[in-house]
Structures are given as structure tokens and as C-alpha cells.
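Enquirer: when you get a sec, could you give me coordinates for this:
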Amino acid sequence: MPVELVPASSQSDGRHKISFVPAGSNALSVAILNAAPVKSMTYSFTSGGFNYTTTQATVDDKRHTAVQDFSRPGKLTDALELTYVDSADVNSAAVLLPAGTALQFNVRRGVDNATAYISGQIVDVLTVVLGVQRPAPPTENGVDTLVQTAYFTAPTQRRVVLVA
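Expert: You can find the predicted model right below:
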């Protein structure tokens with residue numbers, strides 16, 4: 001009897017990169033991602049502060065007298081709730097993400113954060129407009145943070161390959 005192979009895993013610590021890409025830019029172009037005005041802002045977000053989720057609706061497919069109900073995958077709904085450090089630093093999310101900003105988040109996983117973008121890497125591109133920045137309640141032994149909802153304005157590009 002063959003032994004089942006165990007797929008390799010990837011540690012997440014230090015191996016995520018979230019970049020702010022101005023609306024209308026090609027968020028899949030390495031040349032654009034490695035130049036201004038793209039800003040890497042991974043470490044502006046708190047732990048769990050880039051809360052990106054996707055849900056999928058179910059389309060019922062009931063048939064006359066069938067003994068079982070069928071279904072199909074329905075529409076996707078993406079949601080993104082941001083929590084980040086409240087900072088006056090010009091490169092911080094608090095400064096770069098005012099309400100009404102239209103942008104793309106380029107999200108790369110599994111590659112060291114300090115590594116420049118290169119062709120062939122896999123990313124997600126989230127196209128959003130930002131809601132109002134809201135102060136989060138203070139926490140004991142914590143830092144001041146802001147919370148913000150992002151609203152999706154275009155289909156998410158999932159697991160796409162970067163190009164030159």
C-alpha cells in the first residue's frame with residue numbers, strides 16, 4: 001500500500017507582503033510594483049488587521065419529484081476589514097488610506113517580505129474603494145488603531161502570475 005505524500009507547507013511569519021497600488025495601475029507588473037508610487041504597507045496592519053474573506057452563495061437546483069435537492073456554486077462575495085496602527089508617518093496606512101481612496105491591494109504570500117517582486121510570483125489583486133477611518137476602542141497595554149472597511153469595485157484577481 002503506497003504511503004500518502006505530505007505536501008510542503010509555507011510559514012507565514014515574515015512571508016506576506018501587502019502593497020498599495022494606485023487605481024488604474026497594472027498591479028501585475030513587476031516594473032510598477034517595485035517603483036513609486038507603490039507602497040508596501042504590510043507592517044502598518046495589526047495581527048489579523050488585513051481581514052480578507054470570501055463567501056460563496058448556493059444556487060438551489062431543485063427538481064420535480066427528485067429524492068435529493070441539487071445545488072450549484074453561486075456568486076462570490078469578498079469582504080475586507082482593515083485594522084492598522086494610527087500613525088502620522090507619511091508611509092503608514094493611517095496616512096495613505098483616507099476615506100474615498102480607490103486603489104488595488106497586491107497581496108503576496110509565501111515569499112520573504114523583503115524580497116522584491118519578480119516575474120512568476122503568485123499574487124491576489126483586490127480592487128477597492130475605502131470607507132471612513134474609525135478609531136478602534138483602546139486596549140490595555142495596546143496601541144491606538146484605526147478600523148476601515150474596503151468596498152470591492154472590480155472582480156478580485158485570485159492567484160495570478162506577475163509579469164515583467
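
Enquirer: list the contacts for Y117?
Expert: By Cβ atoms under 8 Å, 6 or more residues apart in numbering, the contact set of Y117 is V30, L33, N34, R108, L162. C-betas here are computed from N, CA, C, even on glycine.

Enquirer: skipping adjacent residues, who's closest to it in space?
Expert: L33 (4.1 Å; Cβ to Cβ, 6 or more residues apart in numbering).

Enquirer: same question, R109
Expert: H16 is the one closest to R109 (Cβ to Cβ, 6+ apart), at 5.4 Å.

Enquirer: from what I can see that neighbour touches D112, true?
Expert: No: with contact defined as Cβ atoms under 8 Å, H16 does not count as touching D112 (9.7 Å).

Enquirer: looking at the two, which is more packed in?
Expert: Using other Cβ atoms under 10 Å as the criterion, H16 and D112 rank with H16 on top: 17 against 9.

Enquirer: ok, back up a step: quickly note the distance from the residue nearest to Y117 to R72.
Expert: The spacing between L33 and R72, counted by Cβ to Cβ, to the nearest Å, is 36 Å.

Enquirer: sorry, back to before: among the contacts of Y117, which pair sits farthest apart?
Expert: Longest distance between any two of those is 12.1 Å, between N34 and R108; criterion Cβ to Cβ.

Enquirer: the two: which has the busier surroundings?
Expert: Between N34 and R108, R108 has the larger neighbour count (other Cβ under 10 Å), namely 21 against 13.

Enquirer: other SSEs contacting the host helix or strand of that one?
Expert: Element membership for R108 (DSSP states H and E) is strand 102-109. For strand 102-109, the elements it packs on are strand 16-22, strand 122-130, judged by 3 or more Cβ pairs under 8 Å, 6 or more residues apart in numbering; DSSP states H and E.

Enquirer: I'm done for today, thanks for sticking with me.
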